[in-house]
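just a sequence and a predicted model for now, questions to come.
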Amino acid sequence: MSKYVAQEIPVRFNIFLPTLVFGVVHYVRVCRSLNKLPYLVIYSISIVTFLSLISHKEPKFLLPIFPPCFIIIGQYLQYSLSKTRPGLLKAYVLQGVLIELYISIWFVHFHEIGAWGPMNHIQKYYPDYESVVVANKFEGNYLSLNH
């Protein structure tokens with residue numbers, strides 16, 4: 001099984017993964033009943049299949065499948081919850097947004113803190129430090145270099 005299918009897609013869609021699965025099934029059924037091809041599903045599966053065949057894999061390569069997948073998710077949510085339980089639709093989306101916000105905050109502040117540690121260290125122990133390139137003057141059509 002591909003790394004994208006087993007790891008990246010579940011992580012990226014998170015709480016909306018079950019909705020995506022049900023949405024794909026619903027979208028294909030609707031397209032079949034209208035004698036149309038499910039282009040959004042074909043497009044997404046083609047991209048994931050192609051990306052699975054190449055050796056270099058990165059999560060950012062999945063970005064082209066997000067718009068069609070979120071269209072499918074939105075159509076399914078509108079179909080399944082708006083007629084029967086409109087309050088549940090709002091609660092589900094709000095819950096998803098809050099969970100995604102919490103996960104994003106956790107990743108930014110704790111997990112993938114990146115350059116914040118070194119930058120804080122430099123600011124604390126070297127307060128007069130200047131970078132090799134400082135863009136604080138604008139002279140004509142270029143930025144000056146201060147050393």
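Received, thanks.

the helix or strand containing I72 - contacts with which helices or strands?
For I72, the element it lies in under DSSP states H and E is helix 66-81. Helix 66-81 makes packing contacts with helix 17-33, helix 39-53, helix 86-106 when contacts are defined by 3 or more Cβ pairs under 8 Å, 6 or more residues apart in numbering; DSSP states H and E. C-beta here means a position set from N, CA and C on the backbone, and glycine is covered the same way.

in it, what counts as buried?
Going by neighbour count (16 or more other Cβ atoms under 10 Å), the buried part of helix 66-81 is 68-69, 72-73, 76-77, 80-81.

got it, and stretch 118-127?
Applying 16+ other Cβ under 10 Å to stretch 118-127 flags no residue as buried.

do the same with stretch 79-88
Buried, per 16+ other Cβ under 10 Å, within stretch 79-88: 80-81.

now do the same end-to-end measure for it.
Chord length of stretch 79-88, first to last residue, is 13 Å (Cα to Cα, to the nearest Å).

please compute how far it lies from its chain's middle.
25 Å (Cα atoms, centre = their mean, to the nearest Å).

who's in contact with that stretch?
22, 26, 89, 92 (Cβ atoms under 8 Å, 6 or more residues apart in numbering).

the helices and strands packed on helix 66-81 into CSV, with extra columns for distance to P127 and mean pLDDT?
Shown next, in CSV, are the helices and strands packed on helix 66-81 (distance: least, Cβ to Cβ, whole Å; pLDDT from 0 to 100):
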stretch, distance to P127, mean pLDDT
helix 17-33, 47, 94
helix 39-53, 46, 94
helix 86-106, 29, 82
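
just put those in JSON lines and tack on distance to Q123.
Formatted as JSON lines, these follow (distance: least, Cβ to Cβ, whole Å):
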{"stretch": "helix 17-33", "distance to Q123": "40"}
{"stretch": "helix 39-53", "distance to Q123": "40"}
{"stretch": "helix 86-106", "distance to Q123": "22"}
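
coming back round to it: columns distance to P64 on top of the contacts of stretch 79-88, output as JSON lines?
JSON lines is the format used below for the contacts of stretch 79-88 (distance: Cβ to Cβ, whole Å):
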{"residue": "F22", "distance to P64": "22"}
{"residue": "H26", "distance to P64": "22"}
{"residue": "L89", "distance to P64": "27"}
{"residue": "Y92", "distance to P64": "26"}
